[in-house]
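Trainee: kindly return the folded structure for what I paste below:
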Amino acid sequence: MTMLRNLWNDDQGQDLIEYTLLMAFVALASAALFLGAGGSIKGIWTTTNSQLAAANAQAS
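Mentor: Residues are numbered from 1 along each chain as shown. Below you'll find the predicted structure:
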């Protein structure tokens, strides 16, 4: 019973868990931003591709 009580009261490694949770939150937030920005980036590339194709057709 004493061993369980000591294990429960031991806070060594608490910082590691907190930093790991914080890092996981930042990673999830970054992933959400990248997924949300994917549509607008696709639109930019589509517009650029269309303009380049039109310029190439006009130059030929």
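Trainee: pLDDT on the helix or strand where residue 25 lies, on average?
Mentor: Using DSSP states H and E, the element containing residue 25 is helix 14-59. Mean per-residue pLDDT for helix 14-59: 90.
Trainee: can you get me a residue count around residue 47?
Mentor: Using other CB atoms under 10 Å, residue 47 is surrounded by 10 other residues. Every C-beta, even on glycine, is put in place using the N, C-alpha and C of the backbone.
Trainee: related to what we said a few turns ago, show me how far the helix holding residue 25 is from its chain's centre.
Mentor: Its chain's C-alpha centre and that of helix 14-59 lie 9 Å apart, by CA atoms, centre = their mean, to the nearest Å.
Trainee: ok, now stretch 51-60?
Mentor: Here stretch 51-60 is found 37 Å from its chain centre; the criterion is CA atoms, centre = their mean.
Trainee: go on, stretch 10-27?
Mentor: Mean C-alpha position of stretch 10-27 versus that of the full chain (CA atoms, centre = their mean) differs by 18 Å.
Trainee: just the CA atoms of it, as PDB, please.
Mentor: This file holds the C-alpha atoms of stretch 10-27, laid out as PDB (Å, rounded to 0.1, in the frame of the first residue of the first chain):
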ATOM      1  CA  ASP A  10       5.300  11.200  -7.100                       C
ATOM      2  CA  ASP A  11       5.100  14.100  -9.500                       C
ATOM      3  CA  GLN A  12       8.400  13.400 -11.300                       C
ATOM      4  CA  GLY A  13       7.700  13.500 -15.000                       C
ATOM      5  CA  GLN A  14       4.700  15.700 -14.700                       C
ATOM      6  CA  ASP A  15       6.400  18.400 -16.800                       C
ATOM      7  CA  LEU A  16       7.100  15.800 -19.600                       C
ATOM      8  CA  ILE A  17       3.400  14.900 -19.800                       C
ATOM      9  CA  GLU A  18       2.300  18.500 -19.800                       C
ATOM     10  CA  TYR A  19       4.800  19.400 -22.600                       C
ATOM     11  CA  THR A  20       3.700  16.300 -24.600                       C
ATOM     12  CA  LEU A  21       0.100  17.300 -24.400                       C
ATOM     13  CA  LEU A  22       0.900  20.800 -25.400                       C
ATOM     14  CA  MET A  23       2.900  19.600 -28.300                       C
ATOM     15  CA  ALA A  24       0.100  17.300 -29.400                       C
ATOM     16  CA  PHE A  25      -2.400  20.200 -29.200                       C
ATOM     17  CA  VAL A  26      -0.100  22.400 -31.400                       C
ATOM     18  CA  ALA A  27       0.300  19.500 -33.900                       C
END
